[in-house]
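# predicted model, plus sequence, below.
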Amino acid sequence: MKKKLTALLLGVCMTVTLAGCQKTIEDDNVKISEYKGIEVEGMELSKVTDADVENSIQSTLEAEAERKEVTDRAAKKGDSLEVSYVGKADGETFDQGDLTVEVGGEGFVEGFSEGMEGHKLNETFELPLTFPEDYTPELAGKDAVFTVTINSITEVILPELNDEFVQKISDNKVKKVDDYKKQVKEDLEKSNKKTVESQNKNSAWTAVVKNTELKKDFKDEIKKGVDAMKEQYTQIAEMYYQITFEEFLQQTNITEDQFVEKMEKQVTDQLKSKYASKLIAKEEKLEPSEKEYEKKFDEYAESYGYENGDAFIEANGEDGEDKLKESILLDKVMTWVSDNAEFVEAKEAK
């Protein structure tokens, strides 16, 4: 897949040397070696198959299914179970806890979900299984015994896919099953296209950031950014996992020096992205007008979880409006870079 360059751009390229039609641009903050007509490995737009449509419809049927508690029969394929389990290998407990299992569905060990079939509510039983050879090193290929107790059985009753059902879930916008299937296919195609466009836009911009060099000493800004990242991770560790930042690093097998190095790279790329977008916008005359900014304020603020642009600006203090404008400008420049990029098929890994 390749995006065709415009005739004008092709004409310009024909007049330059074999070095290409790229030009370096720079200001006091950054120097960009390549950004226009940049060649990037792109994501192909995949064709929506009948199987994709059927899988999507199946997911909808499951979401709309009736769920009925079962007490008078054994578990059967398709039932949803709440179970408690203890797993042992070589006589030692390696895992235990509670789990939701679909009988006959996917399980963390082959044979586990299938082994639930035929057992009754409140029954405790042993289920011998063997871990696959490609499992975690400590359990790969080992025989294990799971002691399982079934705490609840829920029968999942799927609705029938008929005209009445599709009218219900589509608010009568679609009347027939065949029309519903066409709509599902169109929705999947739109979703796939949006995913490809987003992925390719990010890939093209990543290439531009890679081609961007910071010219000034941003040491203070980078340190400030790293400190903010550390504070954010500290709050997440304490709030959601009830552990300290140091314990978080230990559990993720990373030293504080490695964390700082990683965050410095991330903050540096953010600075490159910020100043590169401003420079390209100036060079290509992409700066939005005040009316364009105002139109985008609410849209962008809502994507960040705020009611409107005013709420975003108020929540982010004095520089809230500047932050919102930076996001809007960045997205416009990223879109322009993607529209002017040349996407090629990804090279096969050797």
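Yep, it's here.

# count the neighbours of E290 for me.
8 (other C-beta atoms under 10 Å). (C-beta placed from N, C-alpha, C; glycine too.)

# quick one, helices of this protein?
Listed in chain order, the helices of the chain (DSSP state H) span 7-14, 50-63, 163-169, 177-210, 219-240, 245-251, 256-283, 290-303, 309-315, 320-339.

# closest to E126 out of these?
Minimum separation from E126 across the helices of the chain (C-beta to C-beta) falls at helix 50-63, 30.6 Å.

# quick one: contacts of the closest one?
Helix 50-63 has contacts (C-beta atoms under 8 Å, 6 or more residues apart in numbering) with V156, L158, P159, L161, I169, Y180, K181, V184, K185, D187, L188.

# now those residues in CSV, with neighbour count?
Output for the contacts of helix 50-63, formatted as CSV (neighbours: other C-beta atoms under 10 Å):
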residue, neighbour count
V156, 15
L158, 13
P159, 15
L161, 16
I169, 14
Y180, 23
K181, 18
V184, 20
K185, 16
D187, 13
L188, 17
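
# taking those together, which two end up most distant?
Across these, the longest distance by C-beta to C-beta is 25.6 Å; it joins V156 and K185.

# could you pull up the residues touching the residue nearest to S80 when sequence neighbours are not counted?
Spatial nearest neighbour of S80, chain neighbours left out: T154 (4.4 Å); criterion: C-beta to C-beta, 6 or more residues apart in numbering. With contact set as C-beta under 8 Å, 6+ apart, T154 has these partners: R67, K68, E69, V70, D79, S80, L81, E82.

# ok, the residue nearest to the fifth one when sequence neighbours are not counted - how many residues close by?
Spatially, and ignoring its direct neighbours in sequence, D79 is nearest to V103 (4.7 Å; C-beta to C-beta, 6+ apart). Using other C-beta under 10 Å, V103 is surrounded by 22 other residues.

# hmm, V103 is touching A74, no?
No: V103 is beyond contact range of A74, at 9.9 Å (criterion: C-beta atoms under 8 Å).

# so what's in contact with those two at the same time?
E117.

# please report how far the closest residue to E189 other than its chain neighbours lies from K323.
Residue nearest to E189 in three dimensions, not counting chain neighbours: V48, with 5.2 Å by C-beta to C-beta, 6+ apart. V48 sits 38 Å away from K323 when distances are taken as C-beta to C-beta, to the nearest Å.

# these two: which is more packed in?
Applying other C-beta under 10 Å to V48 and K323 shows that V48 carries more neighbours, namely 18 against 15.

# pull the contacting residues for the more buried one.
Neighbouring residues of V48 by C-beta under 8 Å, 6+ apart: K185, L188, E189, N192.

# among those residues, which one lies nearest to T136?
Nearest to T136 among the contacts of V48, with distances taken as C-beta to C-beta, is N192, at 34.1 Å.
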